[in-house]
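Q: Okay, here's the prediction I keep looking at, along with the sequence it came from:
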Amino acid sequence: MTILIFVNGEEPPNGWEWVRGYMSPDAVIIAADGGARHIEKLGLTPHIVIGDLDSLDPELEKRLAGEDVEFISLPEDKDETDLELALIFASRNHEGTIHIFGATGGRLDQTVSNILLLSHPDLAGRDVFLVQPHQMAWMVANETTISGKRGDLVSLLPLWGDVRVKRTVGLKWPLQNESLYPGPARGVSNTMISEQATVEIAEGRLLCVHADHRWNR
């Protein structure tokens, strides 16, 4: 099963058609509040809309209310963001990989918070990916395999404290029993030298960002 969560962030310049590559017949589509607008642009209907509904267009809410959509409405005065609520709901009610779309752009605090949510305790042991058209990010606590192309960029970012990397395989600048620290940018912009790369962590956890080498940014 695949779980697709749409957040009320900025729409990519090339729209949302590329998201169809992440669809599966049994996919569960969740809108974190105003993220429902992105789902509508794909011509799809979310199975669930969750949040305080402050950013959901009233006309869209009315249309969705006439469909077979489950609304989980929370009060505005709450400790969690709408994406956090969607992730907690997904992790407690559905098995499978979680893909998050529309989680970046707009307010910087929201973007940073959305990235840090990858380390949420409810997501421990789950495969959770924050996805953009040409790149994706996920948290690594033990080991990960990166599938791509020669020349793709891989960044290893120790956002949650010091990280000791046991080894990397398939990267131009390997790490062997070395540490990465929050602040210095040593782990940014490594390069894949094969179609697969492996990162093994001895201590700590880090953010892995994989970007397509054809993306000229």
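A: On my side now, so go ahead.
Q: Would you map out the domains in the chain?
A: 2-133, 140-211 (automatic domain parsing).
Q: Show the end-to-end separation of the shortest one, please.
A: So the one you mean is domain 140-211. Distance between the two ends of domain 140-211: 16 Å, counting by CA to CA, to the nearest Å.
Q: what mean pLDDT does it have?
A: Averaging pLDDT along domain 140-211 gives 97.
Q: Pipe the domains of the chain into TSV and attach mean neighbour count per row.
A: Every C-beta, even on glycine, is put in place using the N, C-alpha and C of the backbone. Converted to TSV, those look like this (neighbours: other CB atoms under 10 Å):
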stretch	mean neighbour count
domain 2-133	17
domain 140-211	16
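Q: Check which helix or strand the residue most central in space within the chain maps to.
A: The centroid of the chain falls nearest to Leu130 when counting by CA atoms, centre = their mean (1.3 Å). In the assignment (DSSP states H and E), Leu130 maps to strand 128-132.
Q: any idea which helix or strand comes after that strand?
A: Defined by DSSP H and E, the subsequent element after strand 128-132 is strand 135-140.
Q: angle of that next one against strand 128-132?
A: Using axes from the mean of the first three to the mean of the last three CA atoms, to 10 degrees, the inter-axis angle of strand 135-140 relative to strand 128-132 is 160 degrees.
Q: could you say what helices and strands strand 135-140 packs with?
A: Other helices and strands packing on strand 135-140, by 3 or more CB pairs under 8 Å, 6 or more residues apart in numbering; DSSP states H and E, are strand 128-132, strand 206-211.
Q: and Lys41, what are its phi and psi?
A: Backbone torsions for Lys41, taken as degrees, to the nearest 10, come to phi -70, psi -20.
Q: right, and it touches Trp16 too?
A: Yes - using CB atoms under 8 Å, Lys41 is in contact with Trp16, at 5.6 Å.
Q: Which secondary structure state is assigned to the closest residue to His134 other than its chain neighbours?
A: Distances taken as CB to CB, 6 or more residues apart in numbering put Trp215 closest to His134, at 3.7 Å, once the chain neighbours are dropped. Here Trp215 is recorded as coil under DSSP: H, G, I helix; E, B strand; the rest coil.
Q: The residue nearest to the centre of the chain contacts Ile98, correct?
A: No - Leu130 lies out of contact with Ile98 (CB under 8 Å); the separation is 9.5 Å.
Q: Beta-bridge partners for Glu143, please?
A: Beta bridges link Glu143 to Glu200, judged by DSSP bridges.
Q: need the contact list for it.
A: Thr198, Val199, Glu200, Ile201 (CB atoms under 8 Å, 6 or more residues apart in numbering).
Q: so which of these comes closest to Leu4?
A: Among the contacts of Glu143, Val199 lies closest to Leu4 (CB to CB), at 25.5 Å.
Q: Could you measure from the residue of the chain most remote from its centre over to Ala185?
A: Within the chain, the residue lying farthest from the chain centre (CA atoms, centre = their mean) is Gly66, at 29.6 Å. Distance of Gly66 to Ala185, given as CB to CB, to the nearest Å: 50 Å.
Q: Also Ser55?
A: Taken as CB to CB, the span from Ser55 to Ala185 is 34 Å.
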